[in-house]
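Q: A structural model of the following input is requested.
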Amino acid sequence: MTTRPEAKFRAGPVCATIWNNVGQTREGLPTEYKTVSFERSYKDKAGAWQTTSSLRLNDLPRAQVVLGKAYEYIVLQNKSGEAQEEAIAA
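A: Here you go, the predicted model:
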């Protein structure tokens, strides 16, 4: 089963993707939390599209925009305004 992203924010080659995850708290209770993956797309010497998590100087403003949008999305989705529980039992 392939998991689909909940949301994606792109500015040029830079992209932040939000994923919804299900896990357990340390107490064993079910919990949901979101994670954000981040990547930059580029073409290699053969012309094939690749991705990397490394940024160039000109990518930094775009990264700031997409990460800000991802943060805003997650905060606005959290109705209580409290931080998400991120402690997941291994």
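
Q: Tyr42: which element?
A: strand 30-43 (DSSP states H and E).

Q: can you pull the buried residues of that strand?
A: By neighbour count on 16 or more other Cβ atoms under 10 Å, the buried set for strand 30-43 is Thr31, Tyr33, Lys34, Val36, Phe38, Glu39, Arg40. In this view, the C-beta of every residue, glycine as well, is placed from N, C-alpha and C.

Q: What is the nearest of those residues to Gly23?
A: Lowest distance from Gly23 to the buried residues of strand 30-43 (Cβ to Cβ) belongs to Thr31, with 5.8 Å.

Q: Does that closest one touch Thr25 like I think?
A: Yes - using Cβ atoms under 8 Å, Thr31 makes contact with Thr25 at a distance of 5.2 Å.

Q: need the contact list for the most centrally placed residue in the chain.
A: Computing the C-alpha centroid of the chain and ranking residues by Cα atoms, centre = their mean puts Val36 first, at 1.7 Å. By Cβ atoms under 8 Å, 6 or more residues apart in numbering, the contact set of Val36 is Ala16, Thr17, Ile18, Trp19, Leu67, Ala70, Ile74.

Q: between those, which has the most around it?
A: Ala16 (24 neighbours; other Cβ atoms under 10 Å).

Q: phi, psi of it?
A: phi -120, psi 130 (degrees, to the nearest 10).

Q: Just list the residues touching it, thanks.
A: By Cβ under 8 Å, 6+ apart, the contact list for Ala16 reads Lys8, Phe9, Val36, Ser37, Phe38, Val66, Leu67, Lys69, Ala70.

Q: go again using 10 Å as the cut-off
A: Counting by Cβ atoms under 10 Å, 6 or more residues apart in numbering, Ala16 makes contact with 5, 7-10, 36-39, 62-63, 65-71, 73.

Q: now, which of these lie within helices?
A: Of these, the ones assigned to helices by DSSP state H are Arg62, Ala63, Val65, Val66, Leu67, Gly68, Lys69, Ala70, Tyr71, Tyr73.

Q: okay, now the last one: neighbour count?
A: The local packing of Tyr73 (other Cβ under 10 Å) involves 17 other residues.
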